[in-house]
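[1] compute the structure for the input listed below.
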Amino acid sequence: MKHFLNLNEIDSNDLIHIVEQAINIKNGQDKSSKGALDSNKPLDGKVVAMIFDKPSTRTRVSFDVGIKQLGGQTIVLSGSDLQLGHGESIADTARVLSRYIDLIIIRTFDESTLYELAQNSNVPVINGLTNATHPCQSMADVMTFQEHRGSIKRKQILWLGDGNNVCASTLQAAGQFNFDFTFCGPETLDPNHSYLDYAKRKGSNVTIVRDPIKAISNADLIMTDTWVSMHEKNNQSSKTLDNQLKPYQVNSELMKQSKKEALFMHCLPAHRGQEVTSDVLDGVQSKAFDQAENRLHVQKAILRWCLDVL
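    Predicted structure coming up:
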C-alpha cells in the first residue's frame with residue numbers, strides 16, 4: 001500500500017522521481033500531461049474521495065482538476081457530510097470508504113486522524129494537510145526551485161517566521177533531498193525538535209539564527225508563511241503572534257540583503273503587509289504563483305505513484 005502521509009516515510013529515490021515526473025508533466029514530456037485532451041487516462045475508472053475538515057483553495061482545486069485531467073472522478077466531502085462527524089469511528093469510516101473508492105485524500109486537524117484512517121484503509125491515503133505537516137506543498141516547493149535553479153541538493157534554504165506545519169515538511173524535505181536549512185524566528189515558535197533532528201540525521205546542515213539580516217545573506221531560497229495558521233498556535237492571540245513575528249517580515253529592505261539570484265516562496269494564502277509585503281510577493285524574485293501552479297503537477301505525479309499508474 002503506497003500511502004503518501006509524510007516525506008520521511010517514503011524512499012528518497014521515489015520522492016526524487018515524483019518531482020522529476022511532475023516537471024515532465026508540466027513541460028508536456030509526459031504522456032498524460034495534456035490532461036483532458038489526452039487519450040491516455042491513467043486514472044480512468046478510478047474514483048477518489050477528498051475529505052476536507054479544513055477550508056482549502058489550492059489543495060482542493062489542484063487535486064480535483066488533476067484527478068479529472070488524469071481521467072478519474074472525485075467525491076468531495078466535509079467532516080459534516082460523513083457519519084465521522086456524527087460519532088462513527090475513523091477506523092469504520094476507512095473500512096467503508098475503501099469498499100467504494102480507489103484513493104482517499106484528507107485535509108484534517110490532528111495527525112492521528114490521518115494515521116488511523118490510513119491504518120484501516122485498504123486503498124492509498126494522501127495527506128492533504130494536518131496541523132503537523134503539509135508534504136504535498138513541500139514537494140511543490142522542491143519542484144519549483146528545481147525548475148528555476150536546478151538541483152536543490154546542498155542549497156541553502158531559509159525559513160522566516162513560524163516553525164509551523166509547512167516548515168516541518170520542509171525540514172523532512174531537507175533530509176530527503178539533501179539541502180541545508182536555516183530557521184529564523186522567535187524561540188517560542190521554533191520548529192519541533194523532532195523535525196530538526198530528522199534533517200540533521202539525514203545529513204542536512206540545520207541551523208537556527210535569530211537575526212534575519214544575518215540569516216538571509218547566504219540563502220538560495222527564502223520561505224515564509226502566514227503568521228496565524230488555521231488552527232490556533234499555542235493558544236496565543238493574533239496580536240501576540242504579530243508582535244513576536246514582526247521582526248521577521250519579508251520586505252524589500254530585507255530582500256536587499258539577499259543574493260540577487262535568491263528566490264522567494266510563500267505557499268499562500270498570503271496576508272500582504274504581515275509576513276510579506278506586496279512588493280516582495282509580486283517581485284522578480286518571487287515564485288509564489290509558480291508554487292501554486294505546481295501543486296497541480298506534483299500532485300498528479302503523487303497520485304500516479306500511489307496508484308502505480310506510471
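
[2] for the closest residue to Lys155 other than its chain neighbours, grab the count of nearby residues.
    Using CB to CB, 6 or more residues apart in numbering and skipping residues adjacent in sequence, the residue nearest Lys155 is Asp220, 4.3 Å away. The C-beta positions use only the backbone N, C-alpha and C, and glycine is treated the same way. Counted with other CB atoms under 10 Å, residues neighbouring Asp220 total 19.

[3] could you check the pLDDT of Asp220?
    In this model, Asp220 is scored at 98, pLDDT.

[4] and Leu37, by the same measure?
    We note a pLDDT of 40 for Leu37 in this prediction.

[5] show me where the stretch 101-250 of the chain dips below the pLDDT cut-off.
    Residue ranges of the stretch 101-250 of the chain with pLDDT under 70: 230-237.

[6] on that earlier part again, spit out the contact partners of the residue nearest to Lys155.
    By CB atoms under 8 Å, 6 or more residues apart in numbering, Asp220 lies in contact with Phe145, Arg149, Lys155, Gln156, Ile157, Lys259, Glu261, Ala262, Leu263.

[7] how far away is it from Gly161?
    From Asp220 across to Gly161, the span is 18 Å (CB to CB, to the nearest Å).

[8] could you do Arg99 as well?
    For Arg99 relative to Gly161 (CB to CB), the value is 43 Å.

[9] comparing these two, which residue is more hemmed in?
    Gly161 (27 against 8).

[10] ok, the more buried one touching His271?
    No - between Gly161 and His271 there is no contact under CB atoms under 8 Å: 11.2 Å.

[11] need the overlap of contacts for these two.
    With CB under 8 Å, 6+ apart, Gly161 and His271 have common neighbours Trp227.

[12] of the contacts of Asp220, closest to Thr240?
    Distances from Thr240 to those, taken as CB to CB, are shortest for Ile157 (27.3 Å).

[13] give me the element the residue nearest to the spatial centre of the chain is part of.
    Nearest to the mean C-alpha position of the chain, by CA atoms, centre = their mean, lies Gln137 at 1.7 Å. Using DSSP states H and E, Gln137 sits in helix 135-149.

[14] output the contacting helices and strands for that helix.
    In terms of contacts (3 or more CB pairs under 8 Å, 6 or more residues apart in numbering; DSSP states H and E), helix 135-149 is packed against helix 12-26, strand 125-129, helix 165-177, strand 263-266, helix 288-307.

[15] so Ile157 belongs to a helix, correct?
    No - residue state for Ile157 (DSSP: H, G, I helix; E, B strand; the rest coil) corresponds to strand; a helix is not indicated.

[16] flag every buried residue along stretch 2-18.
    His3, Phe4, Leu5, Asn6, Leu7, Asn8, Ile10, Leu15, Ile16, Ile18 (16 or more other CB atoms under 10 Å).

[17] CA atoms only for stretch 115-135, dumped as PDB, please.
    C-alpha atoms of stretch 115-135 as PDB (Å, rounded to 0.1, in the frame of the first residue of the first chain):
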ATOM      1  CA  TYR A 115      -2.800   7.800  10.500                       C
ATOM      2  CA  GLU A 116      -5.800   6.000  11.900                       C
ATOM      3  CA  LEU A 117      -7.500   6.400   8.600                       C
ATOM      4  CA  ALA A 118      -4.500   5.000   6.700                       C
ATOM      5  CA  GLN A 119      -4.000   2.100   9.100                       C
ATOM      6  CA  ASN A 120      -7.600   1.000   8.500                       C
ATOM      7  CA  SER A 121      -7.800   1.700   4.800                       C
ATOM      8  CA  ASN A 122      -7.400  -0.800   2.000                       C
ATOM      9  CA  VAL A 123      -6.700   2.000  -0.500                       C
ATOM     10  CA  PRO A 124      -3.900   4.600  -0.500                       C
ATOM     11  CA  VAL A 125      -4.300   7.700   1.600                       C
ATOM     12  CA  ILE A 126      -2.700  11.100   0.800                       C
ATOM     13  CA  ASN A 127      -2.100  13.800   3.400                       C
ATOM     14  CA  GLY A 128      -3.600  17.000   2.100                       C
ATOM     15  CA  LEU A 129      -2.500  18.900   5.300                       C
ATOM     16  CA  THR A 130      -2.700  18.400   9.000                       C
ATOM     17  CA  ASN A 131      -1.800  20.700  11.900                       C
ATOM     18  CA  ALA A 132       1.600  18.900  12.000                       C
ATOM     19  CA  THR A 133       2.700  18.700   8.300                       C
ATOM     20  CA  HIS A 134       1.900  19.500   4.600                       C
ATOM     21  CA  PRO A 135       4.000  17.200   2.400                       C
END
